[in-house]
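Asker: Predicted model, plus sequence, below.
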Protein chains: 2
Amino acid sequence: MSDSPFVPVEVPIEIDKSSPIPLYLQLAQSIQGAIDRGELAPGDRIENEVSLSRRLGVARPTVRQGIQELVDKGMLVRKRGVGTQVVESHVNRPMALTSLYDDLRESGKNPTTDVLEYRIAPADRQTASRLLLEEGAHVLELTRLRRIDGRPLALMRNVLPVEYAPSHAELSTTGLYDALREKGAKTAVAHERIGAVAATAEEAEVLGEEDGAPLLFMERKSFMDNGHALEYGYHLYRPSLYAFEVTLVNR
Amino acid sequence: MSDSPFVPVEVPIEIDKSSPIPLYLQLAQSIQGAIDRGELAPGDRIENEVSLSRRLGVARPTVRQGIQELVDKGMLVRKRGVGTQVVESHVNRPMALTSLYDDLRESGKNPTTDVLEYRIAPADRQTASRLLLEEGAHVLELTRLRRIDGRPLALMRNVLPVEYAPSHAELSTTGLYDALREKGAKTAVAHERIGAVAATAEEAEVLGEEDGAPLLFMERKSFMDNGHALEYGYHLYRPSLYAFEVTLVNR
């Protein structure tokens, strides 16, 4: 973190010219990493294009494109007469079998969890067929609100077989996947579906959105190595704060 | 396609018990494939769980879970006294470097394209930096409406260097990626971001949604083998008709 917003911050940037990842994207990811780790704070000014281009031995249009990538994501803003500044950051989450809690913690975002519902109940038919259980088998029905730096980010509903149920206390202080790993339950395969939906009045209130506001959803079914279902999840994210990211390579 | 909705349709289902993909998901994907290829039409009744379980040598709860997967996706509906029927289908699109047009055509959904804007213009600073061009270099600005079976599905904005610009006529009858391949321009790497956003009045009107309704967006930057930018895209999808799907495998 710099002392003054008017002194550009020189961040360590790693560029691998032999990688199939475009250079502009490597540059953007390096700067994003520095923001995530707190080496660049909101308001900090980053080095200008000429300086970055010279220091990294990368063409100036490539540098400009890398910065544009972060401007497009809402992580940097160009200001006339000031330069390019870091703004309040948005969560751009890679698609992978990682824990949102861990991802947020590693990126210095102070995740916290409010456990809104923690209920052990017999599975109805729909839940039983989602989790490959007998109808009436006991499951944990869980609703959590994930915050970053105190602000609501995601409303997460999960249901899982009772034998893997973490305690209420564990869920308040760690992520679900971490708590499951403690019980030796690890996801081998997950099937996810990502879409958009209008917030219900209740969801809107919890998330601090307007009734009917767009939300991003992720529905997930997770399985262990032995083929048993580990959990079903339906998570709602505030789109102003959260997006999914993926880099696709042909062949 | 069956003659009567009351005669269950027996579809070819391939199950590979040595695959890491859960059996329920293989079953769901087989039935989804049959719906996509038109072997199962809206209103068709599928075989019951007992019959599927016996025929495939798969446990009944697994069959039930496979069917639940498609019920959750809105592709099948359970009706008391009737059985499980195929409903008007929703596009659940795997994340991959494939063409939406091709994916829809292969799944028998009759995609069509209205070219709403086709304009060759000098790149502004933002476009130039997205596409790694000199400011003022000419680009094609393209806005298309993709329909399936006549219904609006997606509003697609793209911008690309003018040397790859397909003709207006080509874009009316094929997908952008197909048209680009005709010119020898092929995507090697794409970087995508997926989120949700409220429809503007104009977007809502074109897509047949309410003003402010939730839309799913996909922002994409595509690059060729030589590292040159091929296109920038910002696509909006109707969430009642479209979702992204991904299967993630640990390690």
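Answerer: Now that the structure is in, tell me what you want to look at.
Asker: Spell out which residues of the stretch 51-200 of chain A are next to chain B.
Answerer: Taking C-beta under 8 Å from any C-beta of the partner chain as the measure of proximity, the stretch 51-200 of chain A contacts chain B at A:61-62, A:64-65, A:67-69, A:71-73, A:92, A:95-97, A:126, A:128-134, A:186-198. (Glycine included, C-beta is placed from N, CA and C.)
Asker: hey, what's the residue of chain A found nearest chain B bridged with?
Answerer: When C-beta to the nearest C-beta is the measure, chain A has its nearest residue to chain B at residue A:214, with 3.3 Å between them. Counting by DSSP bridges, residue A:214 forms beta bridges with residue A:198.
Asker: neighbours of it, just the number please.
Answerer: Using other C-beta atoms under 10 Å in any protein chain shown, residue A:214 is surrounded by 25 other residues.
Asker: Correct me if wrong: it contacts residue B:203.
Answerer: No - proximity of residue A:214 to residue B:203 does not meet the contact threshold set by C-beta atoms under 8 Å, at 11.9 Å.
Asker: how much space is there between the closest residue to residue A:174 other than its chain neighbours and residue A:187?
Answerer: Distances taken as C-beta to C-beta, 6 or more residues apart in numbering or on different chains put residue A:101 closest to residue A:174, at 6.5 Å, once the chain neighbours are dropped. Here the criterion is C-beta to C-beta, to the nearest Å. By it, residue A:101 lies 14 Å from residue A:187.
Asker: returning to that earlier point: just the buried members of the residues of the stretch 51-200 of chain A next to chain B?
Answerer: Using 16 or more other C-beta atoms under 10 Å in any protein chain shown as the burial test, these include A:61-62, A:64-65, A:67-69, A:71-73, A:92, A:95, A:97, A:128-133, A:187-198 as buried.
Asker: sorry, back to before: shared neighbours, residue A:214 and residue B:203?
Answerer: residue B:215 (C-beta atoms under 8 Å, 6 or more residues apart in numbering or on different chains).
Asker: re earlier: which of the helices or strands spans the residue nearest to residue A:174?
Answerer: According to DSSP states H and E, residue A:101 maps onto helix A:100-106.
Asker: now swap in residue A:118 and tell me
Answerer: Using DSSP H and E, the element containing residue A:118 is strand A:111-122.
Asker: got the contact list for that strand?
Answerer: For strand A:111-122, the surrounding residues in contact (C-beta under 8 Å, 6+ apart) are A:100-101, A:104-105, A:135-148, A:150, A:153, A:162, A:165, A:168, A:171-173, A:175, A:206.
Asker: Please narrow the residues you listed to those residing in strands.
Answerer: A:138, A:139, A:140, A:141, A:142, A:143, A:144, A:145, A:146, A:147, A:148, A:153 (DSSP state E).
Asker: and these, which two are the farthest apart?
Answerer: Pairwise distances among these were taken by C-beta to C-beta; the largest, 32.6 Å, belongs to A:138 and A:148.
Asker: what about these two, which has more around it?
Answerer: For residue A:138 versus residue A:148, neighbours defined as other C-beta under 10 Å are more numerous around residue A:148 (21 against 13).
Asker: what is the more buried one paired to in the beta sheet?
Answerer: Following DSSP bridges, residue A:148 is listed with bridge partners residue A:111, residue A:151.
Asker: Kindly report the same for the one 10 residues further on.
Answerer: When bridges are assigned using DSSP bridges, the partners listed for residue A:158 are residue A:142, residue A:233.
Asker: Identify the residues contacting it.
Answerer: The contact partners of residue A:158, by C-beta under 8 Å, 6+ apart, come to A:140, A:141, A:142, A:144, A:176, A:231, A:232, A:233, A:234.
Asker: Give me the buried subset of those.
Answerer: For the contacts of residue A:158, a burial check counting by 16+ other C-beta under 10 Å picks out A:140, A:141, A:142, A:144, A:176, A:231, A:232, A:233, A:234.
Asker: With respect to residue B:42, which of those residues is nearest?
Answerer: Within these, distances to residue B:42 taken as C-beta to C-beta reach their minimum at residue A:234, with 25.9 Å.
Asker: Report pLDDT for that closest one.
Answerer: In the predicted model, residue A:234 carries a pLDDT score of 95.
Asker: Pick out the lowest-pLDDT one from the ones in strands among the contacts of strand A:111-122.
Answerer: pLDDT is lowest at residue A:148 among the ones in strands among the contacts of strand A:111-122; the value there is 88.
Asker: isn't that one right next to residue A:105, touching?
Answerer: No - the pair residue A:148 and residue A:105 does not pass the contact test of C-beta under 8 Å, sitting 9.9 Å apart.
Asker: by contact count, what packs against the helix holding residue A:101?
Answerer: When contacts are defined as 3 or more C-beta pairs under 8 Å, 6 or more residues apart in numbering or on different chains; DSSP states H and E, helix A:100-106 sits against strand A:91-94, strand A:111-122, strand A:138-148, helix A:176-182.
Asker: Mind putting those into CSV with distance to residue A:53?
Answerer: What follows is the helices and strands packed on helix A:100-106, written out as CSV (distance: least, C-beta to C-beta, whole Å):
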stretch, distance to residue A:53
strand A:91-94, 24
strand A:111-122, 36
strand A:138-148, 33
helix A:176-182, 41
